[in-house]
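In: sharing a model prediction with you, sequence too.
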Amino acid sequence: MTFPAGYVPGGDLLAAVDAAHLAGAVVVAAAGNDDARTVAYPAALAGVLSIGSYAYEGSDGDSKRSEFSNEGAALDILGSGGRMDKDKNDDGIPDGLIAQTITPGDPAAFTTGPSRARPGPPPW
């Protein structure tokens, strides 16, 4: 079970997460794209695997948390989130991640963010 960031931690969300845990599912959620020092819901809930975004930086191969990705005590792991403002290999294509879209005639697009770092279908 995966979620993008931004859900309000209400009763329905808590019930869905609890039901998923009881069924043996792993619940994964994006940490958020607000450069906040706290993880967004539902990723901030206990028992939810929270994934933030990292971006390749520098010629030495270093990676770091993307400047837009939320962080904090509830952050569990970082996954590749891409950078639309970089082209490290000079191929003329931004270093975002390819993702499915719902745009007619354009089934894929380069995007960034923790929602791309978490497993599962795109969050839209």
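Out: Cool, got the structure. Numbering: from 1, shown residues only.

In: you'd agree Gly52 is up against Phe68?
Out: No. Look at Gly52 against Phe68 with Cβ atoms under 8 Å: they stay out of range, at 9.8 Å. C-beta: built from backbone N, CA, C; applies to glycine.

In: the two: which is more packed in?
Out: Taking other Cβ atoms under 10 Å, Gly52 and Phe68 do not tie; Gly52 has more neighbours (29 against 18).

In: check contacts around that one.
Out: By Cβ atoms under 8 Å, 6 or more residues apart in numbering, the contact list for Gly52 reads 30-31, 39, 65-66, 69-71, 75, 77-79, 81, 114, 117.

In: please apply the same query to Pro94.
Out: By Cβ under 8 Å, 6+ apart, the contact list for Pro94 reads Gly82, Arg83, Met84, Asp85, Lys86, Asp87, Phe110.

In: any idea how far the nearest residue to the fourth one once chain neighbours are set aside is from Asp35?
Out: For Asp85, the nearest residue in space outside its immediate sequence neighbours is Pro94; the separation is 7.1 Å by Cβ to Cβ, 6 or more residues apart in numbering. Using Cβ to Cβ, to the nearest Å, one gets 19 Å for the distance from Pro94 to Asp35.

In: buried only: go through the contacts of Gly52 for me.
Out: 30-31, 39, 65-66, 69-71, 75, 78-79, 81, 114, 117 (16 or more other Cβ atoms under 10 Å).

In: just read off the phi/psi values of Leu14.
Out: The phi/psi pair for Leu14 (degrees, to the nearest 10) reads phi -60, psi -40.

In: pLDDT score assigned to the residue nearest to Ser69 when sequence neighbours are not counted?
Out: Among residues not flanking Ser69 along the chain, Ser53 sits closest, at 3.9 Å (Cβ to Cβ, 6+ apart). What the model reports as pLDDT for Ser53 is 83.
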